[in-house]
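Asks: only geometry, no sequence info:
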Ligand SMILES: NC(=O)c1ccc[n+]([C@@H]2O[C@H](COP(=O)([O-])OP(=O)(O)OC[C@H]3O[C@@H](n4cnc5c(N)ncnc54)[C@H](O)[C@@H]3O)[C@@H](O)[C@H]2O)c1
Ligand SMILES: [Fe+2]
């Protein structure tokens with residue numbers, strides 16, 4: 001039996017912010033980060049809160065939110081008892097808000113309406129039942145339908161200020177979500193349709209927004225693609241590309257999208273080396289009008305180059321060779337147990353994951 005769920009209502013298009021103005025909530029709690037608060041973006045968004053609403057802000061979120069940060073947020077939300085929580089920011093703010101609300105409601109607080117407003121076009125977290133929280137050196141993936149926001153508001157203008165490097169990282173996260181969802185063992189005709197749409201958009205619009213951050217048509221298409229890929233993977237699951245990226249990110253603190261981007265061709269090539277697991281890549285390439293899976297792999301490699309993304313993990317400054325070698329077994333073990341691994345298109349052993357880390361560290365020519 002398959003199913004396809006979307007619990008989150010979506011507000012998008014030119015008048016999306018008007019929906020926020022019309023909402024019936026009056027005690028609003030905003031979870032965001034320091035940059036978005038100090039740059040005035042929170043205040044800009046807050047101009048669209050319903051008339052007469054009071055709001056307070058928790059702006060301590062840091063990239064790859066930690067359990068300690070979540071605990072701090074829980075105390076703040078429990079003290080405030082809002083009727084609406086708005087997560088305003090990238091995946092880190094949305095995931096932090098998800099974990100905070102999950103904990104508060106688990107401890108008996110009445111559930112407020114939960115609205116996510118992404119300011120990066122990347123994680124799709126505004127529609128997923130996933131949250132990624134860092135505990136010590138591990139990024140732990142929580143999956144529960146209760147984590148999914150009630151509403152998601154897509155406004156490309158909030159992504160206008162994303163610098164080129166973060167545009168590239170987050171855009172490659174969208175591509176990785178879409179490809180992993182498409183080839184996943186749990187993919188369906190419904191998730192495939194969404195994944196194809198997202199891949200097509202990233203290939204056509206990500207180079208444009210990387211070159212010119214003011215290219216608002218492409219920004220609008222990217223924030224939709226990010227959300228569409230989120231709907232695909234919350235239903236189809238992901239795969240080992242994400243598992244490997246989580247274990248690396250927990251230890252070396254490199255942006256999630258960048259790690260996915262560096263790993264992606266190695267993971268694709270590993271799957272495509274076996275005819276059985278190559279098949280969904282052939283189908284995806286066909287749906288994109290490409291001659292075959294190799295053309296798709298080269299399109300990914302070309303896109304990475306256009307976005308100035310490193311070809312190997314050794315090219316990333318924060319990843320020290322000695323520390324990497326020392327950590328590789330623990331990281332592969334963590335990736336084996338990551339909740340993204342079970343739906344991976346190809347069954348994997350720990351040794352497969354060690355080999356993938358080594359290939360991606362050295363850098364192969366394709
Ligand atoms: N829940 C999910 O479904 C899911 C899926 C993929 C990834 N993730 C997680 O999401 C996190 C990554 O999220 P992300 O890639 O969106 O990055 P992020 O939220 O960590 O933000 C990265 C940086 O971009 C800045 N930023 C955000 N919006 C901006 C804007 N409009 N202008 C300028 N700067 C801006 C932030 O201040 C931050 O410094 C990781 O922890 C990852 O594991 C979650
Ligand atoms: Fe991701």
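Replies: Cool, the structure landed. For clarity, every value in this text was computed on a predicted model and none was experimentally measured. Ligands and ions are numbered 1, 2, ... in the order given.

Asks: show me the shaky parts of the stretch 1-150 of the chain.
Replies: Scanning the stretch 1-150 of the chain for pLDDT under 70 picks out no residues.

Asks: contact distance from ligand 1 - what residues of it qualify?
Replies: 33, 35, 63-64, 89-93, 95, 119-120, 122-125, 128, 130-132, 139 (Cβ under 6 Å from any ligand atom). For the C-beta atoms, the positions are set from N, CA and C on the backbone; glycine is no exception.

Asks: how near is residue 272 to residue 159?
Replies: 32 Å (Cβ to Cβ, to the nearest Å).

Asks: list the buried ones in stretch 53-64?
Replies: 53, 55, 57-61, 64 (16 or more other Cβ atoms under 10 Å).

Asks: distance between the host helix or strand of residue 276 and the chain's centre?
Replies: Secondary structure here is read from DSSP states H and E; on that basis residue 276 sits in helix 275-287. The chain centre lies 24 Å from the centre of helix 275-287; the measure is Cα atoms, centre = their mean, to the nearest Å.

Asks: in it, what counts as buried?
Replies: Neighbour counts over helix 275-287 (16+ other Cβ under 10 Å) mark 277-278, 280-285, 287 as buried.

Asks: go on, stretch 99-107?
Replies: Using 16+ other Cβ under 10 Å as the test for burial, stretch 99-107 gives 99-104.

Asks: now do stretch 170-187
Replies: Of the residues in stretch 170-187, those buried (16+ other Cβ under 10 Å) are 170-184, 187.

Asks: stretch 286-301 too?
Replies: For stretch 286-301, by 16+ other Cβ under 10 Å, it's 287, 290, 293-294, 296-297, 299-301.

Asks: out of the residues you listed, which one sits closest to ligand 1?
Replies: residue 300 (17.8 Å; Cβ to the nearest ligand atom).

Asks: filter the buried residues of stretch 170-187 down to the ones close to ligand 1.
Replies: Among these, the ones lying near ligand 1 by Cβ under 6 Å from any ligand atom are 170, 173.

Asks: just checking, which of the buried residues of stretch 170-187 belong to helices?
Replies: Using DSSP state H, the members of those that fall in helices are 170-183.

Asks: out of the buried residues of stretch 170-187, which is nearest to residue 150?
Replies: Proximity of the buried residues of stretch 170-187 to residue 150 (Cβ to Cβ) peaks at residue 177, which lies at 21.4 Å.

Asks: show me the contacts for the closest one.
Replies: Contacts for residue 177 were tallied using Cβ atoms under 8 Å, 6 or more residues apart in numbering; they are 123-124, 198, 229-230, 232-233, 238.

Asks: what's the burial count for residue 327?
Replies: 20 (other Cβ atoms under 10 Å).

Asks: what do you get for residue 234?
Replies: The number of residues near residue 234, taken as other Cβ under 10 Å, comes to 27.

Asks: do the same with residue 217
Replies: Close neighbours of residue 217, defined as other Cβ under 10 Å, add up to 11.

Asks: per-domain residue ranges of this structure.
Replies: The record's domain parsing of the chain by automatic domain parsing lists 9-159, 164-362.

Asks: which one of those domains lies nearest to residue 2?
Replies: domain 164-362 (5.0 Å).

Asks: kindly check the end-to-end length of the closest one for me.
Replies: Start and end residues of domain 164-362 are separated by 26 Å (Cα to Cα, to the nearest Å).

Asks: one more: stretch 8-23?
Replies: 15 Å.

Asks: from the buried residues of stretch 286-301, which ones fall inside helices?
Replies: With DSSP H as the criterion, helices contain 287, 293-294, 296-297, 299-301 from among the buried residues of stretch 286-301.

Asks: ranges for the strands of the stretch 151-300 of the chain?
Replies: Here the stretch 151-300 of the chain has its strands, by DSSP state E, counting those that start in this stretch, at 151-153.

Asks: before we move on, the earlier item: show me which pair in the buried residues of stretch 99-107 is furthest apart.
Replies: Taking Cβ to Cβ as the measure, the buried residues of stretch 99-107 span a maximum distance of 9.7 Å, between 99 and 104.

Asks: regarding residue 365, what is its secondary structure?
Replies: With DSSP: H, G, I helix; E, B strand; the rest coil as the basis, residue 365 sits in coil.

Asks: look up how far ligand 1 lies from it.
Replies: For residue 365, the distance to ligand 1 (Cβ to the nearest ligand atom, to the nearest Å) stands at 29 Å.

Asks: kindly report the same for residue 308.
Replies: 17 Å.

Asks: point me to the residue of the stretch 251-366 of the chain nearest ligand 1.
Replies: Of all residues in the stretch 251-366 of the chain, residue 256 sits closest to ligand 1, at 3.8 Å by Cβ to the nearest ligand atom.

Asks: what residues are up against the residue nearest to that residue when sequence neighbours are not counted?
Replies: Nearest residue to residue 256, sequence neighbours excluded (Cβ to Cβ, 6 or more residues apart in numbering): residue 249, at 5.5 Å. The contact partners of residue 249, by Cβ under 8 Å, 6+ apart, come to 64, 139, 255-256, 259.
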